[in-house]
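Novice: whatever this is, show me its structure:
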Amino acid sequence: MGTPSKTLTFEDATVVWLKRWNGLYQHEIASELECNQGRISEILSEKAHQGSRVEAMRRRGAFE
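Specialist: Residues are numbered from 1 along each chain as shown. Now for the predicted structure:
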C-alpha cells in the first residue's frame, strides 16, 4: 500500500481553486501540492472545504 495522501487545509483548498481557474489540471495541482488527485477532486466537487471556492473568488476580486 502507498503513502497516505497529504491532508489539505482550507488555505490549500483556496489555492486549488485559484490554480484550477488559472488552467492547471487536477493532476498538476495534486503534484504541486504533493497530494493524491482524489483530494483535489473532493475540493473541486465541493465535498471538502466548503466555502473555499467563495474565498478564492473573493481573492480574485469577483465580489468587488
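
Novice: when you work out contacts or count neighbours from here on, use the C-alpha atoms and nothing else.
Specialist: Fine.

Novice: could you pull out the helices in this structure for me?
Specialist: 10-21, 26-33, 37-44, 52-60 (DSSP state H).

Novice: show me the shaky parts of this structure.
Specialist: 1-4, 62-64 (pLDDT under 70).

Novice: centroid residue for it?
Specialist: residue 16 (2.5 Å; CA atoms, centre = their mean).

Novice: please report how far it lies from residue 49.
Specialist: 11 Å (CA to CA, to the nearest Å).

Novice: now for the two: what residues contact both?
Specialist: With contacts taken as CA atoms under 8 Å, 6 or more residues apart in numbering, the residues that reach both residue 16 and residue 49 are residue 43.

Novice: which residues touch stretch 48-62?
Specialist: 9-11, 13-15, 17-18, 42-43, 63-64.

Novice: what sits up against stretch 5-25?
Specialist: Outside stretch 5-25, the residues that touch it by CA under 8 Å, 6+ apart are 26, 29, 34-36, 39-40, 43-44, 49, 52-53, 55-56.

Novice: what would those residues look like in JSON lines with distance to residue 5 and neighbour count?
Specialist: Converted to JSON lines, the contacts of stretch 5-25 look like this (distance: CA to CA, whole Å; neighbours: other CA atoms under 10 Å):
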{"residue": "26", "distance to residue 5": "15", "neighbour count": "19"}
{"residue": "29", "distance to residue 5": "13", "neighbour count": "20"}
{"residue": "34", "distance to residue 5": "8", "neighbour count": "13"}
{"residue": "35", "distance to residue 5": "5", "neighbour count": "18"}
{"residue": "36", "distance to residue 5": "5", "neighbour count": "18"}
{"residue": "39", "distance to residue 5": "8", "neighbour count": "19"}
{"residue": "40", "distance to residue 5": "11", "neighbour count": "25"}
{"residue": "43", "distance to residue 5": "14", "neighbour count": "22"}
{"residue": "44", "distance to residue 5": "17", "neighbour count": "19"}
{"residue": "49", "distance to residue 5": "16", "neighbour count": "18"}
{"residue": "52", "distance to residue 5": "20", "neighbour count": "23"}
{"residue": "53", "distance to residue 5": "21", "neighbour count": "19"}
{"residue": "55", "distance to residue 5": "24", "neighbour count": "20"}
{"residue": "56", "distance to residue 5": "23", "neighbour count": "20"}
